[in-house]
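[1] Could you work out the structure for the sequence below:
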Amino acid sequence: MARFVLVHGAFGGAWTWEPIVAALEARGHTVETLDLPGGGEDGTPLAEITLAACADRVCAVLQQRPDPAVLVGYSMGGVVVTQAAANCPERVASLIFVAAFMPANGQSLLDLTHLPEGEGDMIQANIVVEGDPPMASLSGEATAAAIYNCCTPEQIERSLPRRRPQAVAAFATPVEIDDAALASIPRSYVLTEQDRCIPPALQRRMIAEHPCISVVELDADHAPFLSRTVELVAALDELALA
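    Numbers count the residues shown, from 1 in each chain. From the prediction side, this is the model:
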C-alpha cells in the first residue's frame with residue numbers, strides 16, 4: 001500500500017482533504033496532510049509566504065519518514081509539489097496532480113492561466129488582489145460558482161467559512177526545476193471535466209506537455225474531493241498502485 005502526502009491548493013488548508021482521508025486509510029494506505037504557509041490554521045507572516053516556503057514545508061513532511069511518498073497536488077498545489085519534488089526527488093515515489101497546474105521550468109501558475117486554453121477561467125475573472133505584499137481573495141458567490149459548481153448547498157456552506165485569502169507570491173513565482181530530472185518521477189493526472197477554474201482544455205494541454213503514465217477523467221468540478229468523493233478515492237487508489 002502507498003504512503004500519500006496530500007497538498008492543498010490556494011485559499012485552502014489540510015481540511016480540504018478531510019472527505020477522502022478515512023476512505024484512503026480504509027484501503028490500507030497511510031495519509032498525511034499539511035497546511036501550507038498561510039493556509040488552513042498556519043500563522044506564517046504574509047511576507048514569508050513564498051513558493052519556496054511552500055515547497056520547503058512539503059519536503060519537511062516528506063522527510064519525516066524514510067519511505068518515499070505518493071505526492072498529490074491539488075490546484076495551486078500542483079505548482080508546489082512540482083517544486084518540492086525537484087528539491088527532494090529521493091523522497092517522492094510518484095506524483096499525482098488533481099485538477100492541478102503542471103508547470104515547466106520557468107513557468108508560474110499565472111503564466112499557465114494566461115495560455116489560450118485558460119480562457120474562461122472564472123478565478124481570474126473574479127479574483128480581487130490588494131495589499132502589499134498582495135493578497136488574493138474571492139467572494140463567497142464567486143467561489144461557489146467557480147469552484148463548487150457540482151457540490152451540494154450544504155457542502156458549499158461548510159467550506160466557504162474555512163477558506164482564507166491567498167498570498168499572490170505563490171501564484172506569480174516561476175518554478176526552478178530540472179525538467180529532465182523531474183521526468184524520471186512517474187506522474188499521473190486526475191482531470192475534472194466540469195472545472196471552471198482550470199478549464200479542461202488547459203488541463204489537457206498540460207498533460208500533453210508533461211506526459212503522464214495514467215490519466216483519470218472525472219465528471220467533477222474543481223472540488224472533486226466533495227462532489228465526487230468516492231470516484232476520487234478510487235482514482236487515487238488506482239493511480240498510486242499504477
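[2] Okay, Leu218 and Ile96: tell me how far apart.
    Using C-beta to C-beta, to the nearest Å, one gets 13 Å for the distance from Leu218 to Ile96. All C-beta atoms are positioned from the backbone trio N, CA, C, and that covers glycine.
[3] whoops, Arg205 was the one
    Here Arg205 is placed at a distance of 18 Å from Ile96 (C-beta to C-beta).
[4] ok, these two, which is more surrounded?
    Taking neighbours as other C-beta atoms under 10 Å, Arg205 and Ile96 compare with Ile96 leading, 28 against 17.
[5] Give me the helices and strands touching the worst-scoring helix or strand of the chain on mean pLDDT, please.
    In the chain, no helix or strand scores lower on mean pLDDT, DSSP states H and E than helix 179-182, which sits at a mean of 88. Contact partners of helix 179-182 among helices and strands, from 3 or more C-beta pairs under 8 Å, 6 or more residues apart in numbering; DSSP states H and E: helix 77-87.
[6] Could you export the helix it packs on as PDB, CA atoms only?
    In PDB, the C-alpha atoms belonging to helix 77-87 read as follows (Å, rounded to 0.1, in the frame of the first residue of the first chain):
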ATOM      1  CA  GLY A  77      -0.700  22.600  -5.000                       C
ATOM      2  CA  GLY A  78       0.400  21.200  -8.400                       C
ATOM      3  CA  VAL A  79       3.000  24.000  -8.600                       C
ATOM      4  CA  VAL A  80       4.100  23.400  -5.000                       C
ATOM      5  CA  VAL A  81       4.600  19.600  -5.500                       C
ATOM      6  CA  THR A  82       6.400  20.200  -8.700                       C
ATOM      7  CA  GLN A  83       9.000  22.400  -6.900                       C
ATOM      8  CA  ALA A  84       9.100  20.200  -3.900                       C
ATOM      9  CA  ALA A  85       9.700  17.100  -6.000                       C
ATOM     10  CA  ALA A  86      12.500  18.900  -7.700                       C
ATOM     11  CA  ASN A  87      14.000  19.900  -4.400                       C
END
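[7] Now do that helix: everything it contacts.
    Applying C-beta atoms under 8 Å, 6 or more residues apart in numbering, the external contacts of helix 77-87 come out as 7-9, 36, 51-52, 54-56, 58-59, 62, 71-73, 92, 95, 97-98, 100-103, 108-109, 170, 175-178, 181-182, 185.
[8] and that helix, how far out from the chain's middle?
    10 Å (C-alpha atoms, centre = their mean, to the nearest Å).
[9] So for that helix, mean pLDDT?
    For helix 77-87, the mean pLDDT works out to 98.
[10] who does the next helix or strand after that helix pair up with?
    Towards the C-terminus, the helix or strand next in line after helix 77-87, according to DSSP states H and E, is strand 92-98. Paired neighbours of strand 92-98 in the sheet (DSSP bridges): strand 69-74 (parallel), strand 187-192 (parallel).
[11] Reformat the ones you listed as JSON lines; add distance to Gly43, mean neighbour count and mean pLDDT.
    Conversion of the strands paired with strand 92-98 to JSON lines gives the following (distance: least, C-beta to C-beta, whole Å; neighbours: other C-beta atoms under 10 Å; pLDDT from 0 to 100):
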{"stretch": "strand 69-74", "distance to Gly43": "22", "mean neighbour count": "27", "mean pLDDT": "98"}
{"stretch": "strand 187-192", "distance to Gly43": "31", "mean neighbour count": "25", "mean pLDDT": "98"}
